[in-house]
Each structure stands twice: as structure tokens, then as C-alpha cells.
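In: Sequence plus predicted model, see below.
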Amino acid sequence: MREGKKNTEFTSLDDLSFLLLAGPEQDAINVLNQLIEFGIKVENLKTCSNLKEIEGSSFDIVFCMFESLAVLKSSDAFGNGLLNGAPVIVLAAEEHDALTTDVIQGDIIDFLVVGQFGPALLNKTVHQALQNGGEHKKISKDLVKIFKLTPTMLFFIDSDSNVQKANNFFFETLQIEEDDLPGLRFSSLITPQYRAEFNNFLASLDTKSDRAEIDVPIVINGNSEWINLSATNYDHDRLYFCSGKIISLEQDVNLLQSHVINSTNDLIWVIDDDFRLMLANKSYLNKMNELYGRHYSIGDTVLSAVSNTDNKATNLNSQQWRQTYGAALQGIEQHYTISTKDIANRTLVHNISMYPIKKVPTDDSSVVGVACFAEDITEKRAIEKRIQDSERRYSGLFQRMNEGFIYSDELGTILSVNPGICKILGYREQDLVGQKGYELLHDKETATKLRNNIASRK
């Protein structure tokens, strides 16, 4: 890796040294590959997440991922800091991130939106950055105008959710005046029962370097509207950059459906006709990870984790699973019970139901997938077993009693007797069951009174 003097004469990317100040590991790998693919030599490119790693080094160009801006700001790396005035190019996930970066930071040479630039734009951006001589341009009126007119709610809040700065779309969406901004607390716009959840979300940003999202209902002119809020911990002074949009009716329905299927402990999943996972709730994904040590994703085949027939996680092997799914894909509903082991090696019991999904409800040949449901009946089975055990204990006691015992219904019909009463009365069990108890145990006159009394209560 060449770390020489600053090169202001731009001929090609081969003559320059680069630093990539990285965010999350996987994102850094993706961006690194992209930069190399577009012409930067790997030996000329250093990656780090901690500026102490490159103390004493010098670079011609610094790429900084959006999530790492707080690292730069907190380290006083700009100007005569650790980077010795090297121009900084921000790699942003979305365009409004980069625009807002310029607005709030004021020290960025340029930005590139990840996934939207190619070799030509990379060369042009590097050239312009070098031509700037490493002098960081300040916020321009044009950038302020773009920020204000971006058709997405963009705003900054502090740790107490006080709104510090916002664009035009923020005020238009919430139907409030810009004069109302001083002292406006964003959490006050959220319906009361969701404020604690939002405050916890905000506090969690202090431990994250990447963007996080939350859906919360806000009150606009007395009506509740759901908003999808994306937030990033902007710097160490606990200032958070947020973007938000009102969720459409279709999105609202999808959100509700997501909440519904994820609120149950039962497993819910849907496969297509190639056994690929198309939808799954959290309970299903967690259970598959618990049983097979496999993190499923949408698009994975549901048979991949159970392909090992030696896996004893359930009492079904992969061939049986394939046959069951296959029958459902032929239009035949499937209902059966399986046993599994949890991480504590306890036996769990589930009722499985599979329902064919048809393009044409009456046409079995139009099946395009299967909706699957698994109900955990372990506790139900345990209760049934306790009842059966109790009945057996009661039955044993009933049979061993020396005292006579007759069990009858409300009409006085004998349903069961124990050996004690048979011995006392001198009758066999089969002679007593079905008879009227009052006729056996009382004289004729008393039995008639009892019979009439019972008849009057019908």
C-alpha cells in the first residue's frame, strides 16, 4: 500500500492513494469490491474503521461511508487533523443522506450514492476533489434549497426528540408552521401509547452505527397516521438525522398483516411450487434456527435444512417432508402431528396444517403454493395427560372404597357404581347401571315422591 505525498496532478487512479473509512463489515466489503471493480488498485486502497489505525499516514483521497461520519467529526480529522486536509468523498446509501450530510457537516468535497455510480463518475469525482486542492467547500445556497425541497420528510432531533432543523416537506406533511419549530418535540406528535417505544428506539441509536427504522402513529389534525421513520445517530453530541414518510393504505394493511402473523407463537410460513420460502413469521424462523441451526431467508428452499436424513430434530425425514409438501401442491390439504426437541431437549408437539394456494379455487391444477400453519399443542397435551392421570387415580380410589358409591345423572339414572354398593345391595354392576337409584334405595311411596319431584324440575 503506497502512502506517499499528496498527489494533486491527476493522471489516473493508479497514481493515487485512497482510504476507505468503513461502516458495518458486510457493507464495507461490498463497497470495497465496487471501488476495485471501477479501477482503484487494491494495493492503493486501505480500509479502516478506527482512525488510530492510520495515524501518521497520508492519503490523496478519503472515501467515508455515511455511517462513519460521526467517527470523522469526533476525531477532528478534517483540515489539519489526522487526514492532513485530504478531500473527503461520502459514499451514501441514498441521495438525501448525502445531501443532508453536506447541509449539516459543511466539510464534504462531494458524494457518491452507492449502487448508482460507475467508473466514469468515479474518475470525474476524484478529479474534481483533487482540483479543489483539499479545501473543504462550505454549504451552498443550492444545497440548502435541495434539502428544503426534497419530497421526503428530513429533520434533525436531539436526544430529547426536540426538532432542530427540518425541510419544507416536514412542515407540509405534519401541517404545522415553521414558526412552530422552536420547542417542538417530535415525540409529542406520536400517539401516547407509542411514545415509550419511540423513546427506547431513540436511545438504542446511541449503540448503533447504521440506520434503524420504526413505524409509529402520529397525530395530524386530530387524525392518526402511521409514519415510517428512518433514523441515524449523526454524531457524538446525540443529534439524530431522520427521514420519514406516511405509510399508504396498502402499506398500512401490509404492516397490520405483519404485526398479526408475528404476534403469535404459532408457526406460519408459505412456500411456492419449487419449495421456496415466500413468507414466514418470526416464530417459524426462530424455530428453524433452533431445530437445524439454519437462518432461513425468503427465497431459500424449505427442504435444505432437513436434507440430512440423520437429523433427529423432528420425527419426519426430508423425504416425508417432500411428500407432504408435494401432496399439498397437488391440491390436497394436509393435517398431521409432529414431535420436535427444543434447545433444552424437551419434546414439543405441533399440529401441522397445509392448505393449497390456488389461482382458481375450484381447480387443483392451479396450485401455486402452500400456506402452512403449526400450532404448538405441547401444553394442551400435558393438560390432557394430567386429566387422564387424575381420572385413573380417581377411578382406582372409586373401585377400592369399602363404602357404597353410586354416580347418577340429574334424573336419578345410575351411570356407574363401585363394588362396595354391589356387595351391600346384593346386585351385579350390570343390574344397577341404567336403573333409577331412588327406586332401589327407597320404599315405593318415597320413590314416587322423589320421581315426581324430579319430574317437576324439568
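Out: Perfect, thanks for sending it.

In: show me where pLDDT drops low in the stretch 151-300 of the chain?
Out: Scanning the stretch 151-300 of the chain for pLDDT under 70 picks out 208-210, 234-238, 248-257.

In: For the one helix or strand Tyr240 maps to, list every residue counted as buried.
Out: Assigned by DSSP states H and E, Tyr240 belongs to strand 239-246. By neighbour count, with 16 or more other Cβ atoms under 10 Å as the criterion, the buried positions of strand 239-246 are Leu239, Tyr240, Phe241, Cys242, Ser243, Gly244, Lys245. Bear in mind the C-beta positions are built from the backbone N, C-alpha and C, glycine included.

In: for stretch 429-446, same thing?
Out: Leu432, Val433, Gln435, Lys436, Gly437, Tyr438, Leu440.

In: For the fifth one, give me its contacts.
Out: The neighbours of Gly437, taking Cβ atoms under 8 Å, 6 or more residues apart in numbering as the test, are Ile406, Ser408, Gly412, Thr413, Ile414.

In: Wait, the second one touches Ile414, no?
Out: Yes: with contact defined as Cβ atoms under 8 Å, Ser408 reaches Ile414; the gap is 5.0 Å.

In: More neighbours: which of these two?
Out: The neighbour comparison of Ser408 against Ile414 (other Cβ atoms under 10 Å) goes to Ile414, with 19 against 16.

In: name the element the more buried one belongs to?
Out: Short version, using DSSP H and E: Ile414 is in strand 414-417.

In: Convert that strand to PDB, retaining C-alpha atoms only.
Out: In PDB, the C-alpha atoms belonging to strand 414-417 read as follows (Å, rounded to 0.1, in the frame of the first residue of the first chain):
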ATOM      1  CA  ILE A 414     -77.400 -44.700  37.700                       C
ATOM      2  CA  LEU A 415     -74.300 -44.200  35.500                       C
ATOM      3  CA  SER A 416     -71.700 -46.100  37.500                       C
ATOM      4  CA  VAL A 417     -71.300 -48.000  40.800                       C
END
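
In: Which stretches in the stretch 101-250 of the chain count as strands?
Out: 110-113, 153-158, 163-166, 212-220, 223-233, 239-246 (DSSP state E, counting those that start in this stretch).

In: Quick one: closest of the ones you listed to Lys52.
Out: strand 223-233 (20.5 Å; Cβ to Cβ).

In: Wait, Val163 touches Leu154, no?
Out: No: Val163 is not in contact with Leu154 according to Cβ under 8 Å; the separation is 11.1 Å.

In: Show me the common contact partners of these two, please.
Out: Phe170.

In: got a list of contacts for stretch 393-407?
Out: 414-421, 423-425, 432, 437.

In: nope, stretch 366-384 is what I was after
Out: Contacts for stretch 366-384 (Cβ under 8 Å, 6+ apart): 265-273, 278, 284, 287, 325, 328-331, 337, 347-360.

In: Now it: average pLDDT?
Out: Stretch 366-384 carries an average pLDDT of 87.

In: For that stretch, C-alpha coordinates in CSV please.
Out: Extracted C-alpha coordinates of stretch 366-384, given in CSV (Å, rounded to 0.1, in the frame of the first residue of the first chain):
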residue,chain,number,x,y,z
SER,A,366,-53.8,-24.2,-10.5
VAL,A,367,-51.9,-24.6,-7.2
VAL,A,368,-49.1,-22.1,-7.0
GLY,A,369,-48.0,-22.6,-3.4
VAL,A,370,-48.9,-23.8,0.1
ALA,A,371,-49.9,-21.9,3.2
CYS,A,372,-48.6,-23.8,6.3
PHE,A,373,-49.5,-23.5,10.0
ALA,A,374,-48.1,-25.2,13.0
GLU,A,375,-49.8,-25.0,16.4
ASP,A,376,-47.8,-25.8,19.5
ILE,A,377,-50.1,-28.3,21.4
THR,A,378,-47.4,-29.3,23.9
GLU,A,379,-49.2,-27.7,26.9
LYS,A,380,-52.6,-28.9,25.7
ARG,A,381,-51.3,-32.5,25.5
ALA,A,382,-49.7,-32.0,29.0
ILE,A,383,-53.1,-30.9,30.4
GLU,A,384,-54.9,-33.8,28.8
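
In: which residue is nearest the centroid of the chain?
Out: Taking Cα atoms, centre = their mean as the criterion, Lys282 is the residue nearest the geometric centre of the chain, at 6.7 Å.

In: Touching, it and Asn262? I think so.
Out: Yes: Lys282 lies in contact with Asn262 (Cβ under 8 Å); the separation is 4.9 Å.

In: Run the chain-centre distance for stretch 160-169.
Out: 28 Å (Cα atoms, centre = their mean, to the nearest Å).

In: swap that for stretch 339-346, sorry
Out: Averaging C-alpha positions (Cα atoms, centre = their mean) puts stretch 339-346 24 Å from its chain's average.

In: ends of that stretch, how far apart?
Out: Stretch 339-346 has an end-to-end distance of 10 Å (Cα to Cα, to the nearest Å).

In: Show me what counts as buried in that stretch.
Out: Quick answer for stretch 339-346 (16+ other Cβ under 10 Å): Thr340.

In: just to revisit the earlier point, any chance of a ChimeraX selection covering the buried ones in the contacts of stretch 366-384?
Out: In ChimeraX, this line selects whichever of the contacts of stretch 366-384 come out buried by 16+ other Cβ under 10 Å:
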select :267,268,269,270,271,272,278,284,287,325,328,329,348,349,350,352,354,356,357
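
In: Now intersect the contacts of stretch 366-384 with the strands, please.
Out: Using DSSP state E, 267-272, 278, 337, 347-358 are the members of these that sit in strands.

In: hang on, Asp364 packs against Leu329?
Out: No: Asp364 is beyond contact range of Leu329, at 9.8 Å (criterion: Cβ under 8 Å).

In: so what sits against both of those two?
Out: Counting by Cβ under 8 Å, 6+ apart, the residues touching both Asp364 and Leu329 are Pro356.

In: Of all the residues in the helix or strand just after the strand holding Ile414, which ones are buried?
Out: Moving toward the C-terminus from strand 414-417, the next helix or strand (DSSP H and E) is helix 419-425. For helix 419-425, burial by neighbour count (16+ other Cβ under 10 Å) applies to Gly420, Ile421, Cys422.

In: could you pull out the strands for the stretch 301-450 of the chain?
Out: Going by DSSP E, counting those that start in this stretch, the stretch 301-450 of the chain shows strands at 334-341, 347-358, 367-376, 406-408, 414-417.

In: Can you lay out these as TSV showing distance to Lys52?
Out: Below are those laid out as TSV (distance: least, Cβ to Cβ, whole Å):
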stretch	distance to Lys52
strand 334-341	48
strand 347-358	50
strand 367-376	51
strand 406-408	84
strand 414-417	84
